[in-house]
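> Requesting a structural model of the entry that follows:
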Amino acid sequence: MTQGKSFKGLNLFTLKLIAVFAMTVDHVAWAVVPFDSVLGQIMHVVGRFTIPIMCFAIVEGYIHTGNITKYALRLLIFGIVSATPFYMFFGSMYGYRQNIIIDLLIALLTIMIAANENNSLSAKIIAIICLGIISMLLGGWPILPMVYVLIFYFFRENFKQKCILFAIATVATVAVIALFSFINTSAHVVNVDWKWYDKLYLLGFVLPLSLLYFYNGEKGGNRFSSEFFYVYYPAHLLILSVAFSTMTDIRSIFMMVQATSIVLIIVLMTIAAVESKKSSNASIIATLVFGLLFMVGYFGELISPTYETIKEVVKIEYVADCGFLICFTWFVADFLRMKIPVTVYIVEGCVSALTIFGVYTMDSNTLFYKSFEVGGNLAYPVAILEPGILYIVFYTCIVLVFAGFLVVNYISSKETSYIEHQRRMIINYAVFALWFFIALKAIGISPYDLIAFGVIAAICIVSYGALKYGFNNNTKVIAASALNHTSESVVVVDMTGEVLMMNENGRALFPYVQIGKNVKRYRILKDILDDKRSTIDKDEHVYGFRKEPLNENGIVQGYMVWGSDITNQVEAFNEIRSKAETDGLTGLFNRGVLERVVSGELSEGREGTLFMMDLDNFKGVNDHYGHSTGDAVLIAFGEHLLNCFKDCESIVCRLGGDEFTVYVRDLVDEEKVIDIACKIISGLSVKMVRSSLPPIVGSSIGICINDGKIEDFETLYDNTDKALYYSKENGKNRYHIAGK
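Numbering: from 1, shown residues only. The predicted model follows:
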């Protein structure tokens with residue numbers, strides 16, 4: 001039903017998550033990793049992603065927020081709330097300076113001032129200079145966020161120019177700091193011991209530009225995501241400050257992470273078990289079980305890092321590794337609904353059996369380890385080993401299997417539906433996360449074995465995928481197929497506004513809507529979801545819509561929009577309404593419509609003019625020529641009025657008998673009113689002749705010009721009626737304006 005889908009870009013919530021991750025990495029580095037180490041520098045460069053992304057988010061927030069005052073107040077409140085956790089974590093490192101949320105608040109105020117068109121340029125410059133002084137005195141990042149937001153705001157339409165200016169600002173900042181540090185080394189202007197190269201890692205600020213290039217203009221997330229960063233910032237500082245103030249070595253930190261991971265896996269297993277009531281989740285539960293077994297084994301290494309303990313728990317870990325490999329393969333087959341050859345399972349089983357044999361007999365042979373000891377000049381003892389043949393075979397098998405997943409996913413993702421494409425990306429992310437942490441040890445960046453971090457990262461990713469896209473069931477695929485059997489058009493949208501699926505009728509009705517895009521790109525569909533419209537006209541047909549919430553355990557997960565062809569119903573309704581609102585003889589509107597429209601105009605204080613006309617000598621027409629001729633005269637007079645008022649914004653009505661009224665919106669010019677009245681009178685006899693009717697009738701006209709002082713329909717009507725009576729009493733076939 002749906003077509004394959006390419007990369008759709010990054011929404012703002014995804015960018016914020018990247019910023020949060022980068023910030024956490026940076027803060028952990030400040031706490032436990034030596035600044036001058038390779039790992040420390042890498043982590044600090046990663047941390048530079050945070051400020052540019054958050055400054056970009058501030059600009060987007062300013063542009064799209066409905067209440068800028070509320071937005072600024074929220075920043076202020078969370079900035080104050082974050083002050084205590086900030087000082088708890090950084091201590092005297094920052095002195096009296098404030099946290100990043102205060103920096104973002106100052107940046108937001110900078111845009112508010114710069115973008116305000118009511119202030120003069122000089123006033124703006126003075127106000128921004130004052131903010132700059134405040135930023136220099138109190139900000140954790142003086143001036144820089146202000147500069148970034150101004151670049152992002154004023155050059156938002158030109159990405160290339162924005163990047164150039166951003167890079168210039170960043171390089172200039174780093175150059176100034178480096179020059180200052182070099183001078184300060186000998187002059188001792190301030191009491192800091194910076195080397196000129198200490199701040200070169202700040203050049204990492206330019207790296208997020210590559211991510212901002214892929215920004216798709218969508219907000220993403222849900223109603224809670226806008227608060228996520230503000231809540232997470234003080235919370236993670238508080239947790240880190242408590243953790244690092246009570247821990248004296250890296251082993252303790254690892255123990256805390258492992259304990260937290262074990263609890264997390266147990267929670268995920270519980271969720272999977274509960275979900276199993278609805279679908280078969282055996283593969284993910286089995287994967288989680290072996291993941292938990294591995295984490296418990298690694299936790300044993302941390303608790304007692306002695307030779308005997310590590311040697312025994314390594315056996316547990318490799319049993320878990322083998323089980324994890326097989327069950328993860330099983331999970332991939334279920335999750336992606338793909339058939340994995342039995343040969344793969346046989347190879348994995350044989351390699352796993354050899355691995356377990358080699359590990360459990362490592363005291364009597366060198367098949368798995370040529371040598372195995374515990375030591376190392378690190379914060380705690382770690383295993384030092386020399387791989388044997390089975391060790392190489394085991395990890396080669398893992399690499400080949402996981403590489404096979406990546407290759408198959410890449411080949412098949414171009415021919416799958418959007419949801420299936422997302423499932424494959426989940427597996428790719430999990431594989432990448434697993435091997436990323438292994439690579440840190442393999443290439444020497446980290447002296448510690450970080451595979452446990454890779455395992456928990458992979459588990460979190462696949463669990464997220466299973467929660468979002470279904471626990472190994474094909475409900476969505478079955479639903480997608482079933483929807484094609486209905487005659488209605490169907491579009492399914494999740495709570496973030498992302499279009500999840502459409503049936504073929506829906507695609508025909510909305511050919512421009514793309515799966516995976518946000519509905520805010522499509523005004524008509526968004527208006528339907530926002531209850532701003534319920535019908536659309538297309539190809540001379542009218543389609544009506546209704547939306548139904550999709551509930552899961554009482555929580556709305558999205559909406560299903562149903563559309564059906566209601567052309568026949570609309571035509572029938574319009575016919576009934578037409579009969580109720582129009583005169584049966586002339587087709588003009590009746591008094592009810594006149595009163596409703598004019599009353600609405602008067603309630604809004606609009607100006608306008610009411611004309612009231614009847615036919616002179618009309619009774620003689622009926623008496624001498626018959627009622628059929630009289631009806632023809634009435635019809636011709638109605639047509640004549642429509643022609644006289646065709647250039648005006650008017651409503652022409654027949655009140656009954658030979659009495660007609662016309663209301664003209666915004667007409668108060670007396671000369672134009674008189675011109676129209678004269679046109680009605682002088683052209684009537686011509687109309688009758690052309691219609692082959694007796695030219696013995698004239699028209700008396702009463703007029704009331706409302707310049708905004710009349711507030712109710714009855715007053716306007718009575719004034720016009722009196723003017724008409726005056727015309728008839730004073731010779732007929734003439735006009736009179738009320739009050740003249």
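> quick one: furthest residue from the center of this structure?
Distance from the centre of the chain peaks at His624, with 75.0 Å (Cα atoms, centre = their mean).
> give the contact list for that one.
For His624, the contact set (Cβ atoms under 8 Å, 6 or more residues apart in numbering) comprises Pro694. All C-beta atoms are positioned from the backbone trio N, CA, C, and that covers glycine.
> tell me the pLDDT at it?
Looking at His624, its pLDDT is 87.
> For the protein, which segments are assigned as strands?
Applying DSSP state E to the chain gives strands spanning 369-375, 382-387, 489-494, 499-502, 535-538, 541-552, 555-565, 608-616, 650-656, 659-665, 698-706, 735-737.
> Turn those strands into a markdown table, columns for distance to Ala57.
What follows is the strands of the chain, written out as a markdown table (distance: least, Cβ to Cβ, whole Å):
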| stretch | distance to Ala57 |
| --- | --- |
| strand 369-375 | 47 |
| strand 382-387 | 40 |
| strand 489-494 | 22 |
| strand 499-502 | 24 |
| strand 535-538 | 34 |
| strand 541-552 | 29 |
| strand 555-565 | 25 |
| strand 608-616 | 50 |
| strand 650-656 | 51 |
| strand 659-665 | 47 |
| strand 698-706 | 53 |
| strand 735-737 | 63 |
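> Compare the ones you listed and give me the one nearest Arg591.
strand 650-656 (5.1 Å; Cβ to Cβ).
> buried set for that closest one?
650-655 (16 or more other Cβ atoms under 10 Å).
> Any idea which of the strands of the chain gets closest to Ala723?
Among the strands of the chain, strand 698-706 comes nearest to Ala723, with 3.3 Å by Cβ to Cβ.
> sorry, back to before: and the furthest pair within the buried residues of strand 650-656?
The widest separation within those (Cβ to Cβ) is 15.3 Å, between Ser650 and Leu655.
> what bridges to Phe660?
Note on Phe660: beta-bridge partners by DSSP bridges are Met613, Arg654.
> From Ala636, how far out is it?
According to Cβ to Cβ, to the nearest Å, Phe660 stands 12 Å off from Ala636.
> Then Leu203?
85 Å.
> what about the two, which has more around it?
Between Leu203 and Ala636, counted using other Cβ atoms under 10 Å, the more crowded position is Ala636 (19 against 15).
> is it true that that one touches Val686?
No. If you go by Cβ atoms under 8 Å, Ala636 and Val686 don't touch, sitting 10.8 Å apart.
> Pick out whichever of the buried residues of strand 650-656 sits closest to Tyr87.
Ile651 (70.6 Å).
> list the contacts for the closest one?
Ile651 touches 589, 593-594, 597, 662-663, counting by Cβ under 8 Å, 6+ apart.
> So which of those wins on neighbours?
Most surrounded of the contacts of Ile651: other Cβ under 10 Å gives Tyr663, at 27 neighbours.
> re earlier: could you dump the strands of the chain to a markdown table with distance to Val147 and mean pLDDT?
Compiled in a markdown table, the strands of the chain are given as follows (distance: least, Cβ to Cβ, whole Å; pLDDT from 0 to 100):
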| stretch | distance to Val147 | mean pLDDT |
| --- | --- | --- |
| strand 369-375 | 50 | 88 |
| strand 382-387 | 45 | 85 |
| strand 489-494 | 37 | 83 |
| strand 499-502 | 38 | 80 |
| strand 535-538 | 46 | 84 |
| strand 541-552 | 45 | 79 |
| strand 555-565 | 41 | 77 |
| strand 608-616 | 56 | 93 |
| strand 650-656 | 58 | 90 |
| strand 659-665 | 53 | 93 |
| strand 698-706 | 58 | 93 |
| strand 735-737 | 67 | 94 |
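> Now do Pro381, the pLDDT please.
Reading off the model, Pro381 has pLDDT 79.
> Chain neighbours aside, what residue packs nearest to it?
Nearest residue to Pro381, sequence neighbours excluded (Cβ to Cβ, 6 or more residues apart in numbering): Pro305, at 4.3 Å.
> just Thr366 next, same as before
Using Cβ to Cβ, 6+ apart, the closest residue to Thr366 is Gly388 (5.2 Å).
> is it true that that neighbour touches Phe372?
No. Under the criterion of Cβ under 8 Å, Gly388 is not in contact with Phe372, lying 9.6 Å apart.
> Which helix or strand in the protein has the lowest average pLDDT?
Ranking every helix and strand in the chain by mean pLDDT, DSSP states H and E puts helix 475-483 at the bottom, with a mean of 52.
> Neighbours of Lys619, how many?
12.
> what's the answer for Leu202, then?
Quick note: Leu202 (other Cβ under 10 Å) scores 20 neighbours.
> for it, what are its contacts?
Here Leu202 is in contact with 48, 170, 173-174, 177 (criterion: Cβ under 8 Å, 6+ apart).
> What does the pLDDT read for it?
pLDDT, Leu202: 89.
> how close does it get to Val45?
The value you get for Leu202 to Val45, if Cβ to Cβ is used, is 9 Å.
> circling back to that earlier point, of the strands of the chain, which is nearest Gly132?
It's strand 489-494; of those, that one is closest to Gly132 (Cβ to Cβ) at 42.8 Å.
> Show me how far the closest one is from its chain's centre.
Its chain's average C-alpha position is 17 Å from that of strand 489-494, according to Cα atoms, centre = their mean, to the nearest Å.
> helices or strands up against that strand?
strand 499-502, helix 504-509, strand 555-565 (3 or more Cβ pairs under 8 Å, 6 or more residues apart in numbering; DSSP states H and E).
> export these to CSV and tack on mean neighbour count and distance to Asp527?
As requested, the helices and strands packed on strand 489-494 are exported to CSV (neighbours: other Cβ atoms under 10 Å; distance: least, Cβ to Cβ, whole Å):
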stretch, mean neighbour count, distance to Asp527
strand 499-502, 24, 15
helix 504-509, 19, 14
strand 555-565, 16, 11
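> Can you say which of these is nearest to Tyr395?
Comparing the helices and strands packed on strand 489-494 by Cβ to Cβ, strand 499-502 comes nearest, at 38.7 Å.
> For the stretch 51-200 of the chain, which segments count as helices?
68-90, 100-114, 121-138, 144-154, 159-187 (DSSP state H, counting those that start in this stretch).
> In JSON lines: these, plus mean neighbour count.
Listed next are the helices of the stretch 51-200 of the chain as JSON lines, based on neighbours: other Cβ atoms under 10 Å:
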{"stretch": "helix 68-90", "mean neighbour count": "17"}
{"stretch": "helix 100-114", "mean neighbour count": "23"}
{"stretch": "helix 121-138", "mean neighbour count": "14"}
{"stretch": "helix 144-154", "mean neighbour count": "22"}
{"stretch": "helix 159-187", "mean neighbour count": "15"}
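> which stretch among these comes nearest Met613?
helix 68-90 (54.9 Å).
> Show me what the closest one is packed against.
helix 12-32, helix 50-64, helix 100-114, helix 225-246.
> Can you point out the buried residues in the first one?
Of the residues in helix 12-32, those buried by neighbour count under the rule 16+ other Cβ under 10 Å are 12-20, 22-32.
> Val689 and Pro695 touch, don't they?
Yes. Contact criterion Cβ under 8 Å: Val689 and Pro695 qualify, at 5.5 Å.
> hmm, back to that, nearest to Gln41, out of the strands of the chain?
Nearest to Gln41, of these and by Cβ to Cβ, is strand 382-387 at 22.6 Å.
> What are the buried residues along the closest one?
Buried, per 16+ other Cβ under 10 Å, within strand 382-387: 382-383, 385.
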